[in-house]
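Asks: Provided below for reference: sequence and predicted model.
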Amino acid sequence: MSNKKRVLTGITTSGVPHIGNLAGAILPAIKTSKDTSTDSFFFLADYHSLIKNKNPELTYASSFEIAACWLACGLDPNEVIFYRQSDIPHIMELAWILSCVTSKGLMNRAHAYKAAISENETKENKDLEAGITMGLFNYPVLMSADILMFNADIVPVGQDQKQHVEMTRDIASRFNNQYGEVFTIPNVSIEEHTGILPGIDGRKMSKSYNNVIPIFLKTDDLRKRIMKIKTDSKTPGQTKEKNESSVFNIYRAFASDQQTKNLANQYKQGIAWGEAKELLFELLEEKISPFRKSYQELIKDRSGLEKVLLLGAEKALDVSSPIIKQARKAVGIKGLGN
């Protein structure tokens, strides 16, 4: 590897991504990968998916779906390091090493853990930690290992994942202060306007809310899904509030500056909601249809996808091997004479 800045991003293998993933993570990361001044790492976080997904067949299939998705959206595996998390055993080893310098108090502040506690409070469950696994609790440590295993300089994430990068910075600093400089302190990168997209019901777009717009919906299904986006009761001719509009916020995540400006003006002029949704459909269909066609071809060839991932793992191991060796040596895990 060169001395270029390293950019790392990944996505949990929990089925085909939705347009929120596309706008907030996949397209910005692929755009960054084309920057010749950086080295880009992309990984399929299949171990992370075990926190929520208990279906082994789905876990297995999703790795291929995610791989096909990223490749269909323009990722060039010859120009980046594209690998599956589970093919890099050093990551899990590093997660344990990092857990030994990570305070429980830091993990107590993790958003996912606090949300699970809050849900139990809402349900008036006497056991506030009911249903919370160590996988969920330790999730930020594993994410830190994903990042630090390759000494990433920049981590593009959605706004809702920003805390994990901040925790990674804290964990890396703790390790370096205790054992010496081993890990790079990463910086977060969040695309403007695309941190969190609203779903069709106005809440954050999330599979857990069943409000997503999958990337590769057929044309007719895509139109039907967009027409279900929740809007207010303002009639045609009445000025619409663009910042509160799910239609507008999704539109501007994919539109050019001029297209966004034009739609903002139409909102002022009182565009009908049906017309605004139709404009959103036309934009998404234009952007997504080439990806859809490529994906349909790629997903048919699992052996080809596996080959791409294993070649990526070889390149990833070339980078991780000296770093895990340095981490082991720093903490005293080494043989005589090492």
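Replies: Thanks, I have the structure now. Numbers count the residues shown, from 1 in each chain.
Asks: Where do the strands of this protein begin and end?
Replies: Taking DSSP state E as the criterion, the chain contains strands spanning 5-12, 38-45, 81-84, 154-156, 187-189.
Asks: Would you format these as JSON lines with mean pLDDT included?
Replies: Shown next, in JSON lines, are these (pLDDT from 0 to 100):
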{"stretch": "strand 5-12", "mean pLDDT": "85"}
{"stretch": "strand 38-45", "mean pLDDT": "93"}
{"stretch": "strand 81-84", "mean pLDDT": "96"}
{"stretch": "strand 154-156", "mean pLDDT": "88"}
{"stretch": "strand 187-189", "mean pLDDT": "91"}
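Asks: most packed of the ones you listed?
Replies: strand 81-84 (a mean of 26; mean count of other Cβ atoms under 10 Å). Heads up, the C-betas are built off the backbone N, CA and C, glycines and all.
Asks: Am I right that Ala152 is in contact with Phe41?
Replies: Yes. The pair Ala152 / Phe41 is scored as a contact, 6.7 Å apart, by Cβ atoms under 8 Å.
Asks: coming back round to it: among the strands of the chain, which comes closest to Asn211?
Replies: Comparison of the strands of the chain against Asn211 by Cβ to Cβ identifies strand 5-12 as nearest, at 17.5 Å.
Asks: name the helices or strands packed onto that closest one?
Replies: Where contact means 3 or more Cβ pairs under 8 Å, 6 or more residues apart in numbering; DSSP states H and E, strand 5-12 is packed against helix 27-33, strand 38-45, helix 139-148, strand 154-156.
Asks: Of the strands of the chain, which is nearest Ser144?
Replies: strand 154-156 (10.4 Å).
Asks: Look up how far Pro214 lies from the nearest residue in space to Thr9 that is not next to it in sequence.
Replies: Ranked by Cβ to Cβ, 6 or more residues apart in numbering and with sequence neighbours excluded, the top spatial neighbour of Thr9 is Ala29, at 4.3 Å. Computed as Cβ to Cβ, to the nearest Å, the Ala29 to Pro214 distance reads 19 Å.
Asks: out of the two, which sits in the busier spot?
Replies: Ala29 (26 against 17; other Cβ atoms under 10 Å).
Asks: List the residues that contact that one.
Replies: Residues in contact with Ala29, defined by Cβ atoms under 8 Å, 6 or more residues apart in numbering, are Val7, Thr9, Ser40, Phe42, Pro156.
Asks: mind running it again at 10 Å?
Replies: 7-11, 40-42, 70, 73, 75, 80, 155-157, 189, 191 (Cβ atoms under 10 Å, 6 or more residues apart in numbering).
Asks: re the thing from before, any chance of the strands of the chain in CSV, plus distance to Ala130?
Replies: Formatted as CSV, those follow (distance: least, Cβ to Cβ, whole Å):
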stretch, distance to Ala130
strand 5-12, 23
strand 38-45, 26
strand 81-84, 32
strand 154-156, 32
strand 187-189, 32
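Asks: looking at those strands, which is closest to Ala253?
Replies: Nearest of the strands of the chain (Cβ to Cβ): strand 154-156, 14.4 Å.
Asks: Provide the contact partners of that closest one at residue level.
Replies: So strand 154-156 is contacted by 5-10, 24-26, 28-29, 31-32, 38, 40-41, 143, 146-147, 161-162, 164-165, 168-169, 184, 186-191 (Cβ under 10 Å, 6+ apart).
Asks: Please apply the same query to stretch 283-293.
Replies: Taking Cβ under 10 Å, 6+ apart as the rule, stretch 283-293 contacts 19, 22-23, 26-27, 69, 71-74, 213-219, 222-223, 225-226, 250-256, 259, 263, 295.
Asks: So which of those residues are in helices?
Replies: Counting by DSSP state H, the contacts of stretch 283-293 place 19, 27, 69, 71-72, 219, 222-223, 225-226, 250-254, 259, 263, 295 in helices.
Asks: Can I get the buried ones among these as something I can paste into ChimeraX?
Replies: Buried residues within the ones in helices among the contacts of stretch 283-293, by 16 or more other Cβ atoms under 10 Å, are selected in ChimeraX with:
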select :19,27,69,71,72,222,223,225,226,250,251,252,253,254,263,295
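Asks: Thanks again, I'm all set now.
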